[in-house]
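Chemist: here is my input; please provide its structure:
(3 chains)
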Amino acid sequence: MTARETGTRLLLAAAIALLAGLPFVGVPQFTITLLTEALIFAVWAMSLDLLVGYAGLVTFGHAAAFGLASYAAGYFAREVTADFFVALLVAEAVVGLVALTTGFVVTRVSGVAFAIISLCIAQVLFQVAVAWRSVTQGMDGLVGVPLPSIFGVTLGTGTPFYLLTLACMVVTYLALARLVDSPFGRTLHAIRTSEDRAAAIGINVRLHKWIAFVISWAIAGLGGTLMVFMKAGTTPMSLHWAESGNVLVMAIFGGIGTLLGPVVGAISFVFLRDEFTTRFTAWQLAFGLVFVVVVLAFPAGLAGIFSRAWNALWRARS
Amino acid sequence: MRRLQPVLFALCVVALSTAFTASVSAQGNSIKIGVLTVRTGPASPIGDDIVAGIQTATQMYGSILGRPVELVIEDSLFNPQNSVTKATKLVQSNQVSAILGTSSIETLALLAVADRLGVPIITSNSGPAAITRERCNKWVFRTNAEDHMSIYSLQDLISQTPRLQNAKWFTLGHDYPWSRLVAGSVKEVKDLNYVGETFAPLDTTDWAPFIARARSAGATAVIMPVTLGTPLLQFIQQANEFGLTKEAVLVAPIGLPDWLVAKLGSLSTSVVSAGSWAAWRYEDSEPTTKTFNEAFYKQHGRVAGMQSLQAGSAALMLYNAIAKAGSTDPAAVVKALESVEVRTPVGPLKFQPGGRQALSPLFLGPYEAVNPPRYGAQFAQRVEVFPASKSLPKSAAELGCKL
Amino acid sequence: MDLNFFLSSALNGVVYGAFLLLTSLGLSLVFGLGRVVNFAHGALYALGGYAVIAIINQTGAGYWTALLLAPLAVVPIAIAIERATIHPIRNRSDVYTLLVTFGMSFMLIGAIEYVWGTGTTLLKPPAPFEGTVEIFGNQYPLYRLLAAGVSLAVSGGVFAFIQWTPIGLRIRAITDDPGMAEAIGVNTKWLLTLVFGAAAGLAAFAGALGAPIFAVHPEMGMGILLDSFLAVILGGLGNLPGSAVGAMVVALTKSIGGGYIADWSVAVLFAVVAIALIFRPTGVFGRGRVA
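Modeler: Okay, here's the model as predicted:
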């Protein structure tokens, strides 16, 4: 391990420690609330990064996985038990089933066709959420989701839930970081670079895309489960294509193919949107402007800015 | 390894926002009241009316317990998830004593987290019955009449209007649970000729297919549970374009906002409203409404619309309750709200004993030209009051509300 | 639920399809030429609606004059957008232009709200076309028929232009094979700017023409943007005749579906598109591109 790699690992560990310590050093309560939301989005955005940044599959329908998990976990938690892990397991089972079946079909194609078919799947689920009133309460939304409990202890809002979210986020990151460095991850990279060439050297392209799709949905399901507990409910709007657009923005804004980029993207998105919608009536103008400038000036996303600075620092040392 | 570094940036953002949020919350001795409503997008005229009504009520009431009232306005974006975030911001970061201004989208979302927020929420613009029935919550009050009350007023309107009694009824609405409730209630009316219903997807801009459906059923009375705002405006215009307004009377189940009436102009006269939540022409019989209308016109230069009058009434209820409680302690304010009685622009209001629904009147009648125009309004609803005693059971328990 | 009802629903579809055609052609042209997925197309459509109202209010011009001037007002804005944001990143991957136009869409909608407010404006159809005529036993608005006719005529003009003019020939050459076209000396960069402007003009024209039907508000373009995307992708990206058929399929599914199954019509539309794309990922109506 080079000194630089050790440096980056230390930095990462310090950042996690710092995030974990924030609630205990007098940071305003609402900052923690926003940060919790941001970290949930971060999990979701990382799952999207696996699809877009590593498997090369751009999707306009990633809200499907998130919203579906919210409904499954929320309904189960309300009707049966609020145990976080059980609810998560149920949500993952539902998401996994849908991902396995739709993924099998949708990963036959790539490019724009994939993007649009995944959008279509999300919109059909949206309509199901609107129409299946006996379970979802239609547009009124599913409400009354209790606070989650872990091993029988009910988790309060604020710091305890924040720490749970942070833990989920860190675990997701570590798991994904391992995954993309594994032979499977390298294969995905090969497919992303050229599907034809990958197929020519004997890689089962469809199988790999399918597996990536299911993993991505499963991780998004973790995000959706956390979100339904945080908001104590969900509505069909969580499946809407505008949400899929938001998560795509977070991932690309932060820098795809970097895993940590989407985390930064999600945090920036949540805090910027909150500030802008509070401060400006024409917030869309300001938000769009920042977005366009970042895309034009920093093609690698926000992550690109800092990796450049970090690299420069190490180069100056050696 | 380049993917590890943006962490630094994340920390910068957090630090920056910490500085921001910290700077917001330090201010004098004013009583802070949160207003959570839609400020951008196609629904924003609703939010404009709500904010304006609360501003007028605040000015009318003056200071409470010797302390000035400061309104903190947040944009809900008409999005449930964002509403929860913004309400949390109002409570945690602005330390508001209560939240006003929510419509059904926001109220339903906040209902889920009301216990966590721990401040009174008084909605003046939410229809869904469940809010004060089976899902009622200690913290959530409602001043406007709920959907079932509107339905009683609709049935009353039908029974006293021969033209409606003999009509062929058709429901043309958005795909909300509310719309199906409205449709179901029309079907229930005895001896009524119900010819069909259709529910359009929520993002419908071209109403032609649904108008064709109503027409092929031979409808002569079309009840339209459509989102108040741009969609309703589009629907009425297109109904007129197709000549449906010549064949059928349009029935608005919960009234038309007055900004919408102003845009429709003479087109509004093809609409009859069943249960408007408020009506400015009530001023002919209620002096408080007149005082409010005049103050509103002076402050905003337009007529006080349905949502303004309702939001203003909710604000007056809250301010009186805070004064009665003698403090802004949330539990004390909730207790005071339970017993406070106030003369508001929608008439004398109090909450149902043991419940959270105000005994609000409804206003029935067709839209017509106002001669001479008042407060710049050329068209408005002719009002007949439908008292809450006709539409609301005596006890909250009968509504299924257990606090 | 008789034959007349079916025919009326089909007519509704053709009318909406005519509008969709105008917006889809622009999207498809710009994609074919520069592989730009233009998310700001809906906002440009909205700008057309606002332009027509602003022109009528500011100059007192009649509706028809305003309808002709509105696209001319939007084209320079679109050209400026292309030069400032899309042109500099032409050599980057396609996803960046998609992102930039996504941001531009936010900016334009924000700008509209800033300048004209968030309210909705109704516009009456011009006087002689306010009434209805009887078709298939039902009253049908005259203005809708006229607007559909105008849209179809303008779209026909666009097809003729692409087919029979030298510029059209170049556009087709680049769409078929950008590398080869450049090699034989076609200036692709400025052509994209011009076509981007023209496509925006078409969208603005559709917005202005639709203003008396669909009303004008800041987010009026979002719905038609989504429908246009479906149409263009169904027809095969960059394939103009395919987009035209796609526009009609989308519009007919929506209106006939809306007539018979109401709330499920949109879900059916998405299911149809999904199934079609699974079997023909490059578009159902001929050779589109896999982007």
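
Chemist: contact partners for residue 30?
Modeler: Answering for chain A, as no chain was given. B:21, B:88-89, B:92-93 (C-beta atoms under 8 Å, 6 or more residues apart in numbering or on different chains). Where C-beta positions appear, they are placed from N, C-alpha and C, glycine not excepted.

Chemist: nope, chain C
Modeler: Shown in contact with C:Val30 (C-beta under 8 Å, 6+ apart): C:36, C:38, C:192, C:195-196, C:199.

Chemist: any idea which helix or strand comes after the helix or strand containing it?
Modeler: Element membership of C:Val30 [criterion: DSSP states H and E] is helix C:3-34. Next helix or strand after helix C:3-34 toward the C-terminus (DSSP H and E): helix C:41-59.

Chemist: centre of the chain to that following helix, how far?
Modeler: Here helix C:41-59 is found 15 Å from its chain centre; the criterion is C-alpha atoms, centre = their mean, to the nearest Å.

Chemist: just the C-alpha atoms of that helix, please, in PDB.
Modeler: The C-alpha coordinates for helix C:41-59 follow below in PDB (Å, rounded to 0.1, in the frame of the first residue of the first chain):
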ATOM      1  CA  HIS C  41     -37.500  21.100 -25.300                       C
ATOM      2  CA  GLY C  42     -40.600  21.300 -23.100                       C
ATOM      3  CA  ALA C  43     -39.500  24.600 -21.600                       C
ATOM      4  CA  LEU C  44     -39.000  26.000 -25.100                       C
ATOM      5  CA  TYR C  45     -42.600  24.900 -25.900                       C
ATOM      6  CA  ALA C  46     -43.700  26.800 -22.800                       C
ATOM      7  CA  LEU C  47     -41.700  29.800 -23.900                       C
ATOM      8  CA  GLY C  48     -43.700  29.800 -27.200                       C
ATOM      9  CA  GLY C  49     -46.900  30.000 -25.200                       C
ATOM     10  CA  TYR C  50     -45.600  32.900 -23.100                       C
ATOM     11  CA  ALA C  51     -44.300  34.700 -26.100                       C
ATOM     12  CA  VAL C  52     -47.600  34.700 -27.900                       C
ATOM     13  CA  ILE C  53     -49.300  36.200 -24.800                       C
ATOM     14  CA  ALA C  54     -46.600  38.700 -24.300                       C
ATOM     15  CA  ILE C  55     -46.700  39.800 -27.900                       C
ATOM     16  CA  ILE C  56     -50.500  40.200 -27.800                       C
ATOM     17  CA  ASN C  57     -50.300  42.200 -24.500                       C
ATOM     18  CA  GLN C  58     -47.400  44.400 -25.400                       C
ATOM     19  CA  THR C  59     -48.100  45.200 -29.000                       C
END
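
Chemist: for it, which positions count as buried?
Modeler: Within helix C:41-59, the residues scored as buried using 16 or more other C-beta atoms under 10 Å in any protein chain shown are C:41-56.

Chemist: tell me the angle it makes with helix C:3-34.
Modeler: 100 degrees (axes from the mean of the first three to the mean of the last three C-alpha atoms, to 10 degrees).

Chemist: now helix C:41-59: average pLDDT?
Modeler: Taken as a whole, helix C:41-59 has a mean pLDDT of 95.

Chemist: that one near chain B anywhere?
Modeler: No: Helix C:41-59 does not reach chain B (C-beta under 8 Å from any C-beta of the partner chain); its nearest approach is 11.2 Å.

Chemist: what packs against that helix?
Modeler: Packing contacts for helix C:41-59, counted by 3 or more C-beta pairs under 8 Å, 6 or more residues apart in numbering or on different chains; DSSP states H and E, involve helix C:3-34, helix C:63-81, helix C:94-116, helix C:188-214, helix C:220-235.

Chemist: of the buried residues of helix C:41-59, closest to chain A?
Modeler: Minimum distance to chain A across the buried residues of helix C:41-59 is 9.6 Å, recorded for C:Ala43 (C-beta to the nearest C-beta).

Chemist: what helix or strand is the residue of chain C found nearest chain B on?
Modeler: When scored by C-beta to the nearest C-beta, chain C has C:Gly258 as its residue closest to chain B, at 3.2 Å. Using DSSP H and E, C:Gly258 falls within helix C:240-261.

Chemist: measure how far stretch A:3-11 is from the centre of its chain, please.
Modeler: Using C-alpha atoms, centre = their mean, the offset of stretch A:3-11 from its chain centre is 25 Å.

Chemist: buried set for it?
Modeler: So for stretch A:3-11, counting by 16+ other C-beta under 10 Å, buried means A:4, A:7-8.

Chemist: quick one: is it near chain B?
Modeler: Yes: with C-beta under 8 Å from any C-beta as the criterion, chain B is reached by stretch A:3-11 at A:4-5, A:8-9, A:11.

Chemist: so which of those residues also contact chain C?
Modeler: Answer for the residues of stretch A:3-11 next to chain B near chain C: none qualify (C-beta under 8 Å from any C-beta).

Chemist: pLDDT check: weakest of the residues you listed?
Modeler: Minimum pLDDT across the residues of stretch A:3-11 next to chain B falls on A:Arg4, with 76.

Chemist: my understanding was that it contacts A:Ala316; is that so?
Modeler: No: if you go by C-beta atoms under 8 Å, A:Arg4 and A:Ala316 don't touch, sitting 12.0 Å apart.

Chemist: restricted to helices, list the residues of stretch A:3-11 next to chain B.
Modeler: Among those, the members found in helices (DSSP state H) are A:4-5, A:8-9, A:11.

Chemist: pick out whichever of those sits closest to C:Asp176.
Modeler: A:Thr8 (47.3 Å; C-beta to C-beta).

Chemist: mind checking how far the closest one is from chain C?
Modeler: Per C-beta to the nearest C-beta, to the nearest Å, A:Thr8 is found 27 Å from chain C.

Chemist: spell out which parts of the stretch 1-150 of chain B neighbour chain C.
Modeler: Residues of the stretch 1-150 of chain B lying close to chain C (C-beta under 8 Å from any C-beta) are B:40-42, B:44-45.

Chemist: quick check: longest helix in chain A by residues?
Modeler: Chain A, longest helix under DSSP H: helix A:205-231.

Chemist: low-scoring stretches of the chain, by residue?
Modeler: No chain in the question, so chain A it is. Along chain A, segments meeting pLDDT under 70 span A:1, A:317-318.

Chemist: let me rephrase: I mean chain C.
Modeler: C:1, C:285-291.

Chemist: and what of the stretch 201-350 of chain B?
Modeler: Checking the stretch 201-350 of chain B against pLDDT under 70 turns up nothing.

Chemist: can you give me the strands in it?
Modeler: Applying DSSP state E, counting those that start in this stretch to the stretch 201-350 of chain B gives strands spanning B:221-223, B:249-252, B:271-276, B:342-344, B:347-349.

Chemist: what's the answer for the stretch 101-250 of chain A, then?
Modeler: So, for the stretch 101-250 of chain A - with DSSP E, counting those that start in this stretch - the strands run A:142-143, A:149-150, A:153-154, A:233-234.

Chemist: of all those strands, which lies closest to B:Ser150?
Modeler: The nearest among those, by C-beta to C-beta, is strand A:142-143 at 21.8 Å.

Chemist: around chain A, which positions in chain C sit nearby?
Modeler: Counting by C-beta under 8 Å from any C-beta, chain C sits next to chain A at C:37, C:85, C:88-89, C:92, C:95-96, C:99-100, C:102-111, C:113-114, C:226, C:229-230, C:233, C:237, C:263-264, C:266-267, C:270-271, C:273-274, C:277-278, C:281-282, C:290-291.

Chemist: which pLDDT does the model give B:Trp139?
Modeler: On the pLDDT scale, B:Trp139 gets 96.

Chemist: test my guess that it contacts B:Val113.
Modeler: No: under the criterion of C-beta under 8 Å, B:Trp139 makes no contact with B:Val113, lying 9.9 Å away.

Chemist: those two: who's more crowded?
Modeler: B:Trp139 (26 against 23; other C-beta atoms under 10 Å in any protein chain shown).
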